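Asker: just to be clear, the model below is a prediction. Sequence and coordinates:
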Amino acid sequence: MAKVRVYELAKEFGLESKEVLTVLKDMGEFVRSASSTIEPPVVRRLTEKLKGGSTGSKPTPTPSAPKAAAHARPAPRPSAPTPSASATAASSPAATPSAPVVPSAPVVPAAPAPSAPAAASPSASAGKPSQAAAPGPRPAAPTPGPRPAPRPAAQQRPAAQQRPSGGAPRPSAPVPGARPGPAARPGPRPAAPGGAGQSRSPRPSGAPRPGNNPFASSQGMGVRRARPEAPQGGAPRPGAPGRPGGEGGAPRMPRPGGTGGMPRPNPAMMPKHASGQLSPAGQRPARGGAGGPGRGRPGGGGGGGNRPGFGGGPSTGPVGGGGRGRGGRGGTQGAFGRGGQARRGRKSRKARRAEFDQMEAPTIGGVRIRSGEGQKVRLRRGASLTDLAEKIGVEPASLVQVLFHLGEMVNATQSVADDTLQVLGSELNYEIEMVSPEDEDRELLESFDLEFGENAGGEDDLAPRPPVVTVMGHVDHGKTKLLDALRHSNVVAQEAGGITQAIGAYQVQTEVDDVERKITFIDTPGHEAFTAMRARGAKSTDIAVLVVAADDGVMPQTIEALNHAQAADVPIVVAVNKIDKEAADPVRVRGELSEYGLIPEEYGGDTMFVDVSAVTREGLDKLQEAIVLTADASLDLRANPDMPAQGVAIEAHLDKGRGPVATVLVQRGTLHTGDSIVAGSAHGRVRAMINDLGETVDEAPPSMPVQVLGLTSVPGAGDSFLVVDDDRMARQIADKREARQRAALLARTTRRKTLDQLFEQLEKGETQELKLILKGDSAGSVEALEDSLAKIEVGDEVSLRVIDRGVGAITETNVSLAAASDAVIIGYNVRAQGKATQMADAEGVDIRYYSVIYAAIDDVEAALKGMLKPIFEEKSMGQAEIREIFKSSKIGTIAGCMVTDGHIRRNAKARLIRDGIVVTESSIASLRREKDDVTEVREGFECGLTLNHYSDIKVGDIVETYEMVEKPRD
Ligand SMILES: Nc1nc2c(ncn2[C@@H]2O[C@H](COP(=O)(O)OP(=O)(O)OP(=O)(O)O)[C@@H](O)[C@H]2O)c(=O)[nH]1
């Protein structure tokens, strides 16, 4: 029986083709046009429907139907009264109730295929032809007979579709690619050679379970369910029964399980079975078919062909259990025409995943890069993009590009500033956590099984130690004088510029309640340039003595010092100094400090205020007593004196005769001569120790400051030190710290300039950078100098970069670096050594010497300002009104003017103003008074003038002249 065309049916029922098409559509069948053919089953259902009877085929196999169908499979059975029905159902288990339709659905696509008719016939006998068609692909299909289907492809399509169950039909069925849904599986299940019932058995035996699509979890399940039922309806099994014909199961045959005996389909078989049906698809089967695994995508079952994609020949795949789903795949494509086209080569899961990730990846500045989900990424200070890339699993080059687009140019291995990393991190949705230097150092020490900062042993091992006191205060309020008074020495005289420029530490002895008590004082410089050091000082001390001059009161640095002390949670004792002065007003100081939370004890607060005079030495005892009492009252000052020493380097410098000298404060343990020590990135063995009185000592207990000799280099002020097992360990730790510091330094000095700025400046040829090499007599002063220089603000046009710094004399190496980098060398309390001076002269290197820090700062600031391009501003010179116009063949248009304001000068810049609007910018080309050329005409006089390159002047125009004057910078 040949396939019928829609219009023929319409005619038969006395309807319009359109109406029939609508009904078909309602039934879930997609038929393109009135001249399209439809499969017999569909014809049957249509007929029933038009006659009023409905097979229960619920037309609505919507695209989404597939899923439901899958589960519904069982349902179909009931509705599968007729063989065909069963077949249908089986084939399209998915179809569930609608199942029947489903099968037909496939037709849709197939519809166009002329072969349809052929399929029909087979179906007729076997059951649903369409299904039979499916088998087509299946090589083994025993029922081939019926299907002479000339156009295998066509048939296949139908088949394919059927399998897919409802979903299939719709070409657009979303599921195309879908891993063969459960529904599809059925199809795939090749085995069922014989009737439906058989089909099942085959499966079990038939190793390859078509339904076992590794990709479709649901499938497996679905299949299982289906099986049980299968037996009954046999038909239900989508694949099994349905196909080939419920009865014959023949169609099934083709499937692997095929007729039991049937060997798994293999390419060779294809042709035969295919007989008519198989066409291209058939040939392809090779792939799927051959494959054994049956894994075939459900689709594979392709045979199922539901899924456009899968369908097709591949069906064989499942059957034969060909290669993985692959079989199902491509093979079908061509064979099923449209269906096949829709599908593209399948990608491996990995590839798809990668593709998905890519799709998800945001594009930043044209770079596709996968972003995070807010994870924390720990990075050490000075980390490079490569470090970050490693942690988040992307290519460093991508990060370079992203950063480039964010306006910063750095290479992959270059240290990047913290905030840049933070910005980059947030751009990529990562939370960048910069590992603090402290944490990093702790981790480093841990790797050597060391711990810094804790007393070893238990309570019993602890012994009282003297309080360590930092003296802070505003400049010139008398800190040094006070310390000097306390230790009966005069340090003030040695200071250059009258400012304390290095940290010293001393220990004084005092008697409190008839008990000898020691107090360790750290003299913290007062100038703001030393703020950084002071902050460190506050951390290493137990009590802060805030010196406030009674005649001056609370000053900015008093507050700054107060903040540092409070931030470090250090108790404060206020020394109201200079009470010997007439203008002294200690009460005012108390009142002012009360505003900052320091309430004197006598006012009911808990801060001890002591009136002192560093000059008359009045009140010094009371001050010492107050310190001891405050320590006793609020601190537990105990340390284990019997452990390897640990502490902090307060100051360090390079001594000509003795080499690196560090003043360290022992915080716990006892430091001995001969100990292997590591202080910051310096290490060595304690060769000798000198106390604050200049005496050599062999050991230094907790809270004692000593100068240590024997280090290989100069540690930084504030660096912690600790005694380690041996020199080797000391060196290793120091080396690692040095490497880390270098990276951090690089990150800090990395110039951060936006592209825009850079380009702009490059364009104008005005990139200005003042490079400096700093050399000083101590690490503390170099650091302080650098910090102060960094604070100089002169705008964006000029930047300052310290390319090298160090402690000690200016060497030839420094000069050669300066020459190569066009840098200026600043020597702070140091001089050039050896031939460095001659070399500097020869190379034209500028070396500046300073002994007072702010003189250096002032000079550098001036230098920076000098590098700025001058700023010009316009200064009006005068105005003239044009009263008459003269034409001269020789000169051109001459303006007869009256100077109304200021004066008009020849060659001056000029603008022509008409009705308040600037007509042109020009200059005075010639200027005449009467008949004489003049250089200037003053207000109230007439003159004749011409403008450069401009002659369109009118009576009434104003000529305004001006000059550009350089404006001094602030
Ligand atoms: N009359 C009087 N003068 C004092 C007293 N204490 C300090 N001075 C003077 O104040 C000036 C500054 O004293 P310093 O000890 O150098 O002050 P400082 O706070 O250490 O200053 P910097 O080191 O610059 O921070 C010196 O001339 C001292 O002689 C005091 O109690 N009475």
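Answerer: Received the coordinates, thanks.
Asker: next, the buried residues of stretch 441-459.
Answerer: Buried residues in stretch 441-459, defined by neighbour count with 16 or more other C-beta atoms under 10 Å: Asp441, Arg442, Leu444, Leu445, Leu450, Phe452, Asn455. Where you see a C-beta, it was placed from the backbone N, CA and C, and this is true even at glycine.
Asker: quick one: these as CSV, columns for distance to Leu947, pLDDT and secondary structure too.
Answerer: CSV is the format used below for the buried residues of stretch 441-459 (distance: C-beta to C-beta, whole Å; pLDDT from 0 to 100; DSSP: H, G, I helix; E, B strand; the rest coil):
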residue, distance to Leu947, pLDDT, secondary structure
Asp441, 73, 81, helix
Arg442, 76, 84, helix
Leu444, 75, 86, helix
Leu445, 79, 89, helix
Leu450, 83, 88, coil
Phe452, 79, 85, coil
Asn455, 88, 84, coil
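Asker: for the lengthiest strand in the chain, packing partners?
Answerer: Ranked by residue count under DSSP state E, the longest strand found in the chain is strand 871-888. When contacts are defined as 3 or more C-beta pairs under 8 Å, 6 or more residues apart in numbering; DSSP states H and E, strand 871-888 packs onto strand 892-905, strand 942-947, strand 958-967.
Asker: correct me, but Leu927 touches Glu942?
Answerer: No - in this structure Leu927 lies outside contact range of Glu942 using C-beta atoms under 8 Å: 11.5 Å.
Asker: the two: who's more crowded?
Answerer: More crowded of Leu927 and Glu942, by other C-beta atoms under 10 Å: Leu927, with 23 against 15.
Asker: what about this protein, any weak spots by pLDDT?
Answerer: Regions of the chain meeting the criterion pLDDT under 70 cover residues 1-2, 52-347, 350, 352-368, 488-504, 523-539, 743-768, 794-797, 866-870, 968-970.
Asker: domain boundaries for it, per the record?
Answerer: 4-50, 355-435, 466-636, 639-751, 763-867, 871-967 (the TED database).
Asker: check contacts around Val574.
Answerer: Taking C-beta atoms under 8 Å, 6 or more residues apart in numbering, we find Val574 in contact with Val545, Leu546, Val548, Val589, Leu593, Leu598, Pro600, Thr607, Met608, Phe609, Val610.
Asker: please name every helix or strand in contact with the helix or strand encompassing the third one.
Answerer: Using DSSP states H and E, Val548 maps to strand 543-549. The contact analysis (3+ C-beta pairs under 8 Å, 6+ apart) places strand 543-549 against strand 468-473, helix 479-487, helix 556-567, strand 572-577, helix 586-594, helix 620-634.
Asker: now tabulate the ones you listed in a markdown table and tack on distance to the ligand.
Answerer: Shown next, in a markdown table, are the helices and strands packed on strand 543-549 (distance: least, C-beta to the nearest ligand atom, whole Å):
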| stretch | distance to the ligand |
| --- | --- |
| strand 468-473 | 6 |
| helix 479-487 | 3 |
| helix 556-567 | 8 |
| strand 572-577 | 5 |
| helix 586-594 | 12 |
| helix 620-634 | 10 |
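Asker: quick one: these as JSON lines, columns for distance to Ser799 too.
Answerer: Output for the helices and strands packed on strand 543-549, formatted as JSON lines (distance: least, C-beta to C-beta, whole Å):
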{"stretch": "strand 468-473", "distance to Ser799": "33"}
{"stretch": "helix 479-487", "distance to Ser799": "35"}
{"stretch": "helix 556-567", "distance to Ser799": "27"}
{"stretch": "strand 572-577", "distance to Ser799": "39"}
{"stretch": "helix 586-594", "distance to Ser799": "40"}
{"stretch": "helix 620-634", "distance to Ser799": "45"}
